[in-house]
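[1] okay, predicted coordinates and the sequence, questions at the end:
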Amino acid sequence: MRLAAIGALPLTIERLLITHLHSDHITDVNDFITTRWIQGFPPQSLPIVGPEGTNQFIENTIEMLKPDIGYRTEHHSDLPSPPELEVKETSSGIVLDDDQLRITAALTDHKPVHPTIGYRIETEEGSIVLAGDTVPCDGLDELCLGADVYVQTVIRDDLIKQIPVERLQDVIGYHSTVEDAARTATKAGVKTLVLNHCVPAPSTTEDIAQWIDIASKFFEGEIILPSDLERIAV
Ligand SMILES: [Zn+2]
Ligand SMILES: [Zn+2]
């Protein structure tokens, strides 16, 4: 739904990369699968890559969609079969390598959620790392080494620590703080650090400036905290 809001329609998306199976990262996968299927003339097969457990998750999703798939295949003669999905589970290594694109995965650390992976995507124009939820770790360092852009989900532990609720405190142990992300960026020599999936979400321009200011104490490159649906060019 969010991709559609910026005009990135499902058919323009060639593959789906899943970092981990936390609900806030996957519950809309069913919309993506369904919309891409019913908008394809003819429907296109969808490659999906994710960590161990992804096969089961996709099977469960298709099971949940069964009545809907039944309605549509019965109603549309040019939609005779269910969505075609090519699921590949991986922990590390090359996910895709052709003359235009190279995608590498590596294990990250979001324990007790395990296994989790991050991705590095490389084209002739540059490289970008989609780290997902993780604390600093060797796999993340490997992915980030010399990358142009490093996108990291981040939290502000200094703010969360002020809220005396155990469940919120639990969030701290398995996410990168802004400082962690900035240190990873410096260690790897990346050019641009993009902060996203911020907890707690900054709501004002001043808040955003504060997040960037903290990161800039530990990283001298470009730092961006985009708003949701914003396109960034670096
Ligand atoms: Zn997560
Ligand atoms: Zn998350």
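    Sure, I can see it. Ligands and ions are numbered 1, 2, ... in the order given.
[2] what's the least confident helix or strand in this structure, going by average pLDDT?
    helix 2-5 (a mean of 87; mean pLDDT, DSSP states H and E).
[3] got the phi and psi for the closest residue to V199 other than its chain neighbours?
    On the basis of C-beta to C-beta, 6 or more residues apart in numbering, the spatially nearest residue to V199 that is not a chain neighbour turns out to be I155, at 4.5 Å. (C-beta placed from N, C-alpha, C; glycine too.) Reported as degrees, to the nearest 10, the phi and psi values for I155 are phi -130, psi 160.
[4] wait, isn't I155 in contact with P202?
    No: with contact defined as C-beta atoms under 8 Å, I155 and P202 do not form a contacting pair (11.5 Å).
[5] hey, what's the residue nearest to V199 bridged with?
    With DSSP bridges applied, I155 shows beta-bridge pairing to T177, V199.
[6] tell me which residues touch L96, please.
    Each residue near L96 by C-beta atoms under 8 Å, 6 or more residues apart in numbering is listed here: 15, 102-103.
[7] enumerate the residues of the chain near ligand 2.
    With the criterion set to C-beta under 5 Å from the ion, the chain comes near ligand 2 through 24, 133.
[8] okay, domains of the chain per the record?
    The record, using automatic domain parsing to delimit domains, assigns the chain the ranges 1-89, 91-234.
[9] looks to me like R183 is in a helix.
    Yes: following the definition DSSP: H, G, I helix; E, B strand; the rest coil, R183 is counted among the residues of a helix.
[10] shouldn't it be in contact with P136?
    Yes: counting by C-beta under 8 Å, a contact exists between R183 and P136, whose distance comes to 6.9 Å.
[11] what ranges do the helices span in this protein?
    For the chain, the helices defined by DSSP state H occupy 2-5, 23-26, 29-38, 54-64, 66-75, 138-144, 157-160, 166-172, 178-188, 205-216.
[12] tally of neighbours for the residue nearest to W37 when sequence neighbours are not counted?
    Across the structure, with C-beta to C-beta, 6+ apart as the measure, the residue nearest W37 apart from its sequence neighbours is P83 (4.0 Å). Other residues near P83 number 21, with proximity taken as other C-beta atoms under 10 Å.
[13] which parts of the protein sit against ligand 1?
    So the chain meets ligand 1 at 22, 133 (C-beta under 5 Å from the ion).
[14] shaky segments in the chain?
    Of all residues in the chain, none has pLDDT under 70.
[15] tell me the contacts of the residue of the chain most remote from its centre?
    Using C-alpha atoms, centre = their mean, the residue of the chain lying farthest from its centre is S77. It sits 35.4 Å away. Residues in contact with S77 (C-beta under 8 Å, 6+ apart): none are found.
[16] how much space between it and ligand 1?
    Using C-beta to the ion, to the nearest Å, one obtains 42 Å as the distance from S77 to ligand 1.
[17] which one's more surrounded, I155 and P202?
    Between I155 and P202, counting by other C-beta under 10 Å, I155 is the more crowded of the two (22 against 19).
[18] compute the first-to-last residue distance for stretch 169-179.
    Start to finish, the residues bounding stretch 169-179 are 17 Å apart (C-alpha to C-alpha, to the nearest Å).
[19] that older thread, give me the distance between the residue nearest to W37 and E89.
    18 Å (C-beta to C-beta, to the nearest Å).
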